[in-house]
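Chemist: Here is my input, please return the structure:
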Amino acid sequence: MQFATVVALLSCVAVSYAGVVTVNRCDGMGTPIQTRISDCEGRCTFQPGKIYNAEQDFMPSAATPSLTLKVEVCFNGGFCMQILEAELPNSSVQPGFVYTAKYSVVPNDILSGQTVELRAYILHTPTARVDVCIFCDVDIL
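Modeler: Okay, here's the model as predicted:
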C-alpha cells in the first residue's frame, strides 16, 4: 500500500490548526465548504512517513442514516489506488447543516519525487451515491 491511512471519522464543524488547501470539485450534489490539511496551505507538499491530518467541511445534499468516506491517490497515467473506504460511525446527516469528515494519511517513500492527486469522496452508505468529491495535487518530497 503506497499510502497508509490512520483514522477516519465525522464530527460537527470545529476550529482547526490545519491550513486551507486549494481543491477542485469532482462529483456529487453536496456542497464542499473547505478543505484543511495539517502543515499545508494552498498546494501541499508531503514528507514521506509523516502523518497528515485532513478535514473536509461539507453540507450534504440530502438526509442519510450513514456516510462512507473513500480516499484514493491517482497518478499521472490516470491509475487510481484506493487507500481507504470506511463507513463513518454515527454519521447520520441532514441537509442544511455543515459537517466535517476527518482522516489522516501517511505517504510512503516509494512516491518520493512524484506529484499525485489526492481524492476524497463522501458517499451515502445505503446507496453508495457520491455526495461530495474533492481532489488536490500533492507533491511528495
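
Chemist: And V130, how far from D27?
Modeler: V130 sits 5 Å away from D27, going by CB to CB, to the nearest Å. For glycine as for every other residue, the C-beta is placed from the backbone atoms N, C-alpha and C.

Chemist: Report the beta-bridge partner residues of the residue nearest to the spatial centre of the chain.
Modeler: In the chain, the C-alpha nearest the mean C-alpha coordinate belongs to A120, at 3.5 Å (CA atoms, centre = their mean). A120 forms beta bridges with V71, I134, as assigned by DSSP bridges.

Chemist: Verify the stated contact: it with Q56.
Modeler: Yes. Taking contacts as CB atoms under 8 Å, A120 lies within contact range of Q56: 5.8 Å.

Chemist: any shared contact partners between these two?
Modeler: 35, 101, 132, 134 (CB atoms under 8 Å, 6 or more residues apart in numbering).

Chemist: got those as JSON lines, with pLDDT, distance to P65 and secondary structure columns?
Modeler: Output for those, formatted as JSON lines (pLDDT from 0 to 100; distance: CB to CB, whole Å; DSSP: H, G, I helix; E, B strand; the rest coil):
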{"residue": "T35", "pLDDT": "97", "distance to P65": "25", "secondary structure": "strand"}
{"residue": "A101", "pLDDT": "95", "distance to P65": "16", "secondary structure": "strand"}
{"residue": "V132", "pLDDT": "98", "distance to P65": "17", "secondary structure": "strand"}
{"residue": "I134", "pLDDT": "98", "distance to P65": "23", "secondary structure": "strand"}
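
Chemist: would you list these in CSV and tack on neighbour count?
Modeler: As requested, these are exported to CSV (neighbours: other CB atoms under 10 Å):
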residue, neighbour count
T35, 24
A101, 24
V132, 27
I134, 21
